[in-house]
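Colleague: coords please:
(3 chains)
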Amino acid sequence: MASATEAVVLGTRAESSDSRHLRRILGIVRRQPLGVFGAIVCVAFVVVAFAAPLITPHDPHIFVGPRLGRPSYAFPFGTNNLGQDVLARTIYGAQVSLVVGVASVLLGTVVGSALGLVAAYCGGWVDSAVQRALEVVASFPGLMLILVVVAALSRPRVARDVNLLTLTWELRVVVIAVGIGFIFATTRIVRSVALTERHAPYVEAAIACGAGWARIMWRHLLPNVMAYIIVGVSVTLGLAILAEASLSFLGYGVPPGTPAWGTDLSGINRQFFLQAPWLVLAPGGAISLTLLGFNFLGDALRDELDPRLRGR
Amino acid sequence: MQGYILRRLIGIAVNMVIVSLVIFLALRLVPNNVAADVLGQTATPEQYHAFNAKYGLDDPAPVQFARWLGGVLHGDFGRSFRTNAQVAVEFRRRFPITLEVVVLSFIFTAVMGVLFGAISALRQNSPLDYGVRLFSIFGLSVPNFLLLTCLLIFPARWWGYAPRFGATDFFKDPSGNMQLYLPATFTLAVGAAATLMRLTRSAFLEVVRQDYVRTARAKGLRERAIVLRHELRNAMLPVLTLMGIQLGALLGGSIILEQVMGLPGLGTWALAAIGVNDYPVVMVVALYAAITVMVINLIVDLSYVALDPRIRLAH
Amino acid sequence: MGPYRSQTGALRRPSRRQFLVGGAGLTGSAAFLLACGGNNNKAATNTSNNGAAKPAASAAGGASTPGAASASTQTPKKGGRISQLAAITTQTLNPVTNWNEGTILSGVSIYDRLVSTRLNKDSATEYVPEAAASVEQPDPLTVVFKLRPGMKYQNHDPVNGRAVVADDIVQTEAYIKDNPASQDKSFQTLSMDSVTAPDDQTVTFKLKAPNAYLFSGTQLSYPAGGSIIIPKETLNNLDQSWQVGSGPYQLSDFQMNVRYLYKRFDGYHGASQGLPFADEREWKIIVDPAAQESAFRSEQVQIWGVPIPQTADTVQKDLSARINMQNYLSLSMVTLSFNVAKPPWNDARVREAMYRFTNRQQYLDLIESGRGQVPPGLLSVGLKDYQLDPSQTAKYWANDLKQAKQLLDAAGYDYNHQVEMSTIDGPRNNQGMQIFQQQAAQVGMKVQITPMQFAEWLNQKILTGNWEAWYSQHPTYDSPHIYLRLQATNTYSVHKYNGLKDPTIDAMIEKSEQTLDHAARVQQVKDIQLALLDKYTPFFITHNYTAYVALWKYVMDYEVNPASTAEPTYNTQMWLNKA
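Modeller: Reported below is the predicted structural model:
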């Protein structure tokens, strides 16, 4: 099995692009087994969230089984105090986590990158203003910022049986609250990378040739910061999922009844910790596995995209 | 150096004003009738008017903000709308609890993170290294509120033991105080320590391969001198940055710890106040948190200089 | 104190009440009190014989009695500190404007009152003169209280231990009436015409109309209002100033919403009988149920109102040798309520449809593990005299999803409408909302649920009228008074928007409140219930639950506080049987 470097040495140009890709992938698998595990978990998480209505045996809201039923063939993760299927609730819980995770990270990344690029490109008072705004946001401890935003914008209400789009809309306040913190992180990284690139000879040359600012940002600055953004995204996704769970745990997230991991770990389920441990193990395990997946994936991506930071 | 610190301090002061303005606006965005909240719906218009006049709620928002800011500059943080208690008095009462939570959990984080991270790097691929890495994976993936709940439930069920509820003053009852805080802050620190461990480990591994460490080793310096003088010093730069961030994050973690353990600290205070738009309280807690975070950032930046002479303070 | 010791069937130790009734020349007036008091009250001595074979006891299995039995045969020990748990929040120190401060904290510990209600396990009510040496009612519109001689306030600024005078009560009543934030001033606004103090030892109330519930826990016995005695010089700053009263305990230390410590007050009117027995009472405020359980198991608190029955079972199993788990059928109503001021709930067909899909037994089964009862009519099962016969009401509660759907269709119900249901965040309320959501979904009705903090819920929802539906547990009421009033157009409560608001029924309610004859009033109250059901009132009880109270075994003579839901204790006679 050839590693990526060997492949180059051996003159892989001759090979078909298919087998080249395969070799690359195999190389990554060998170097980053945990990263691959992480990627699988992440993909599974996304698939489960999207396919929730197709793969759940029961409606997560309906009282289908006995109360506090042990895990059984019919209910592999048991049932809760109302007789709802814990497996179904855990599967549907992925939806809330996915929506909040993806949407808030998307918000943070898009807005943050744009801000960072603009600040780096324009410099001067724009840069100062952005910097100051970021300092202000950054001076709130994460959870405090989220709570203040949720309090200011009112708590989410979630209807039953909604699709992912509607769910995203209903969770907009949580998304904004969690996303604002990520804007700061992204902007800081993007700005510093873009700042070095901004004064690189090729960018100066492009400006000299009369290229517009949009073109310079899009064609020259953005590609250079992409690697950092990608690494940032995978790490922050995990953080976003954890933030949503904490928020729900504190009672400021999705309302009870809505299947969400944080909510199912709070409230009455904690009363059945010893009597019915599956109530806690299922959503808790789901959070832990997902966090683990995103952490491993993030590490691996960082190693692959930026060898200087390799964690070994 | 002094000029730099002065500039930073002025920057912090300016930020404080902006932070308080932002919170003020955020909490006043929601149109809510504070007078109705406090007096109830059966109050007469005259009573509403008297209440609003008392708290200056009839004035335009900028005037209210200016008055609040003026009060703060004179050390008067106003009164809570809900309890009508002096914010400053309640703050003084609750502050030591949050401080103890943050300081203890930060010590746990820093000691566990740096010590185990460094050992794990120096003994790479030893059983110890694997143990540390396993622990850090665990710490990263289990939410702290779940761990804290376990701490609350299992010892009580098995041994009839639970951390002392309600705050216990360290100086009045040191053992009771430690019984409450040590297990809880340790549990809170697990997650943060895990991240720090991983970073410390990789920072050390990075440094170990640097030329100057090889040179030092070639010169025949003792291993301890190499680790302390060269490796630790250089590896500490990214570690310090992360520790600064984590110290800020622990202020947020303290909310969860206080909530689960029922501690009367700033976190539970803010949590209750946020729910009812009691903004004099929210503002004070947020300001406190913001000042803390900014001062931490300043200290981190200054310690860069102490650690690495190559870094200059100039802009 | 009859309630728990009633299980033993014997009352050996003379109780304070017996002393008062028998010894202070009060027999006549006390008997009068008990006779006119309202619902199913029994004379004090009867109560203890009334305990056997009641629904509450049978529903609970009665596993809790041995400790209580041994308790009653012993002479009370004085001293010690009793620590209790409460899952409450308060905003100020004012017992009049804060429900919890009035009914759980200072209202029952620091301040004294003219009369109080005692409620036993079977919800039988007794009215006990406290600061009153005698009570007379020369005519239905006049009540005259004579104060006990020699009562003093606690020695703290600005009162400094001065004597209790009748004018304090006059001023306090005026304060309650005029304060916009008084939690319940239905007595002062609705019933009281005037209150005067002819001399320092006499208080005379004049009523606007006869009041059938005059001495009940919602009128003169209401701890957070009613006949509470507050020194007049503190009335202008009750929110913040140090609490000074003439009750069994004085304030020693407190941190709001964290911990309250009360110490014995030797000038209390019961001090000559050795009351209160415990030197100190401590309240720890712990909201999280898991933390509550840990605090009880680790003996940091000795008394705990267990939030859910399964937890009561496990705690009982684990600690059976060392604790008593008591239970009783709570008077607390757990209700569904819809805003009739707004569509679609102003349409009787929609409400009828809601009755058709509502399965009350499911609420009881799922939330309370079936432990409790579903009332046949609209009043708590514990108000026995007023219960309707199940055969009279079966047709209203009948489940028929098909018919529900037809009714909704006929009413032109908009199935895209999201019913907004809110409540105070808590296990019982949150589960109830989910059950409603589930039952409503069977006929295609969509429901959104929003749990809120108490203050937020009260201020943003209930007070503003800007709400559609709520599911919540209520405090315990020892008479039908409040429940029926909440159905009237003028509720005289902060809860203005609960019930039906029908002029005909309003008149019936008002009439029943003024009917002193017990039998006649019982019939009226039954008729009102049927009339409300006939119109499908949007405010009804889903169930009454069995409440559990866990006590370490050395806690003796524990008594239910009728005005409180989860923290049922008000008693100076409770004591600790340990060194």
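Colleague: kindly indicate whether residue C:379 is helix, strand or coil.
Modeller: Classification of residue C:379 by DSSP: H, G, I helix; E, B strand; the rest coil places it in coil.
Colleague: next one: residue C:213
Modeller: Applying three-state DSSP: residue C:213 is coil.
Colleague: look up phi and psi at it.
Modeller: When read as degrees, to the nearest 10, the backbone of residue C:213 gives phi -110, psi 20.
Colleague: tell me how far the residue found closest to it once you drop the neighbours it is linked to in the chain lies from residue C:525.
Modeller: Of all residues not flanking residue C:213 in the chain, residue C:481 sits nearest, at 4.3 Å (CB to CB, 6 or more residues apart in numbering or on different chains). All C-beta spots, glycine's among them, are computed from the backbone N, C-alpha and C. To residue C:525, residue C:481 is 10 Å away according to CB to CB, to the nearest Å.
Colleague: do the same with residue C:470
Modeller: For residue C:470 relative to residue C:525 (CB to CB), the value is 24 Å.
Colleague: do the same with residue B:216
Modeller: Counting by CB to CB, the gap from residue B:216 to residue C:525 is 93 Å.
Colleague: with neighbour numbers in mind, choose between the two.
Modeller: Taking neighbours as other CB atoms under 10 Å in any protein chain shown, residue B:216 and residue C:525 compare with residue C:525 leading, 30 against 17.
Colleague: is it true that the more buried one touches residue C:480?
Modeller: Yes. Residue C:525 lies in contact with residue C:480 (CB atoms under 8 Å); the separation is 5.2 Å.
Colleague: overlap in contacts of these two?
Modeller: C:379, C:386, C:512 (CB atoms under 8 Å, 6 or more residues apart in numbering or on different chains).
Colleague: out of those, which is most surrounded?
Modeller: Highest neighbour count within the shared contacts of residue C:525 and residue C:480: residue C:379, with 28 neighbours (other CB under 10 Å).
Colleague: so residue A:261 versus residue A:255, what's the distance?
Modeller: Distance from residue A:261 to residue A:255, by CB to CB: 14 Å.
Colleague: is residue C:135 in a helix, a strand, or coil?
Modeller: The three-state label given to residue C:135 by three-state DSSP is strand.
Colleague: likewise for residue C:447?
Modeller: strand.
Colleague: dig out what it forms beta bridges with.
Modeller: Note on residue C:447: beta-bridge partners by DSSP bridges are residue C:419.
Colleague: isn't it right next to residue C:441, touching?
Modeller: Yes. Using CB under 8 Å, residue C:447 is in contact with residue C:441, at 7.4 Å.
Colleague: which bits of chain C sit near chain A?
Modeller: Residues of chain C lying close to chain A (CB under 8 Å from any CB of the partner chain) are C:289-290, C:293, C:307-308, C:310-311, C:314, C:366, C:369, C:418, C:420, C:425, C:427, C:430-431, C:433-435, C:437-438, C:441, C:446-451.
Colleague: who has more neighbours out of residue A:261 and residue A:255?
Modeller: residue A:261 (29 against 24).
Colleague: now do the same contact list for that one.
Modeller: Contacts of residue A:261 (CB under 8 Å, 6+ apart): A:90, A:93-94, A:96-97, A:245, A:248, A:283-284, A:286-287.
Colleague: make it 6 Å
Modeller: A:93, A:245, A:283, A:286-287 (CB atoms under 6 Å, 6 or more residues apart in numbering or on different chains).
Colleague: and these near chain B, which?
Modeller: By CB under 6 Å from any CB of the partner chain, the members of the contacts of residue A:261 lying near chain B are A:245, A:287.
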